[in-house]
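Trainee: predicted model follows, preceded by the sequence.
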Amino acid sequence: MLKSGYMLSVTAFIGCVQTCVNNGRLDTLVSIIEKCKKTDLNKSLHPPWRVCNFIAGVAMQSDNSDLTYYVLEFMAKWIARGEIASPAVLLSVDEGLVVSALGTAGRTYNSRLLDGSWAVLKRSLRQKKVPRPESYIAKIYAHANSGNLQMAFSTLQDFEVDHGNSSEDDGEGLFSPFYSLNPLVVACSKKGFTTLDTVYHQLENLSRADPPYKSIAALNCIILGCANVWDLDRAYQTFNDINTTFGLTPNIHSYNALICAFGKLSKRDEAVKVFEHCIGLGVKPNMTTYSLLIDAHLTTRDPKAALAVIDDMIGAGCEPSKEMLKKVRRRCIREMDYQSDEKVESLARQFKIRMGTEVRRDLLFNLHYITDYS
């Protein structure tokens, strides 16, 4: 029909959509849309709004970036058409859908979908409110995953402007390099110290610009990036530069990143000193702090010290997680510290945590390796 130059009706297009979706032929649907865009009769095709939402859901589940982009393009046209209608019909794309689209853009390295998704979101918000933190985090992920660090840090700057003083906190913070900003950390440490040094010098130059841009969140990403490449000297130097070079005050995420760097190199005593210094300054530790400190003790095969940290954590009003207790129990068994193991079981009962068994791990641990190949 399209090759013969006929006009494709909306009903026929919906039928094509249903057939392609049922048969898993999303690439065929992309081809149909592209052919419609190239013909004068069909380039004005606008599927109904509900059909656009349906196609978007299917496209993002399959990580089909081209189809997701075309659907968002249809939605943008509907928004523009509604704004000039009389009376005006103000359509808006659900922000959760845009977050999913940004995730698809990050996984498929599609910069066109990334830019299109953000443009549709800004058009939907109509400058009446700022994008939610989830939208910024998804955009940072997409840029970081595609290796565009300059745009990722630019998005982080906008994120800090809009939500830097937000009370909407998940307990670990919106700007934690261990969670929300971890894609940025991974991107910074992907090529080792070369990328880390480049990012650091760019931040140093921006701190002297007019107006200056100084970001504790960005510096925390560099510290954790240094920890990821086992470069303790760079991590410690960057931590010191937070105050001496940038004139900022380290926050709990800064201390956590430094504790992580010491813990990775089995420098348990230094990690403990960082923790004590943090407490002495009145900085409140979070779950990540305690978890990193427990890992540092377990690395040096000291389950009793790890349990002491859990006691301090409980005293501070935090509850141990199942994964945390399982790690401690595993170390107790391997060190044959049955007294500490009983305490772990007691904590599990106290907080109603079902520990379960570790049959597969025990099988590996109890294997008797034979070196005689005769």
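Mentor: Received, thanks.
Trainee: show me what the lengthiest helix in the chain is packed against.
Mentor: In terms of residue count, the longest helix belonging to the chain (DSSP state H) is helix 65-84. With contacts taken as 3 or more CB pairs under 8 Å, 6 or more residues apart in numbering; DSSP states H and E, helix 65-84 sits against helix 26-38, helix 49-61, helix 95-108, helix 111-125. In short, each C-beta sits where N, CA and C put it, glycine included.
Trainee: which positions within that helix qualify as buried?
Mentor: 65-76, 78-79 (16 or more other CB atoms under 10 Å).
Trainee: distance to Thr289 for these - can I get that in CSV?
Mentor: Shown next, in CSV, are these (distance: CB to CB, whole Å):
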residue, distance to Thr289
Ser65, 38
Asp66, 44
Leu67, 44
Thr68, 39
Tyr69, 42
Tyr70, 46
Val71, 43
Leu72, 41
Glu73, 46
Phe74, 47
Met75, 43
Ala76, 44
Trp78, 48
Ile79, 45
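Trainee: from Val71, how far out is Thr65?
Mentor: To be clear, residue 65 is Ser; Thr isn't right here. 11 Å (CB to CB, to the nearest Å).
Trainee: and the angle from the longest helix of the chain to helix 111-125?
Mentor: 30 degrees (axes from the mean of the first three to the mean of the last three CA atoms, to 10 degrees).
Trainee: okay, the angle between helix 65-84 and helix 49-61?
Mentor: 150 degrees.
Trainee: chain center to helix 65-84, what's the gap?
Mentor: On the basis of CA atoms, centre = their mean, to the nearest Å, helix 65-84 sits 27 Å off its chain's mean C-alpha point.
Trainee: returning to what we had before: closest to Thr288 out of the helices and strands packed on helix 65-84?
Mentor: Thr288 lies closest, by CB to CB, to one member of the helices and strands packed on helix 65-84: helix 95-108, at 23.5 Å.
Trainee: and the closest one, how far out from the chain middle?
Mentor: Put simply, helix 95-108 sits 12 Å off its chain's centre (CA atoms, centre = their mean).
Trainee: in stretch 208-215, what's buried?
Mentor: By neighbour count on 16+ other CB under 10 Å, the buried set for stretch 208-215 is Tyr213, Lys214, Ser215.
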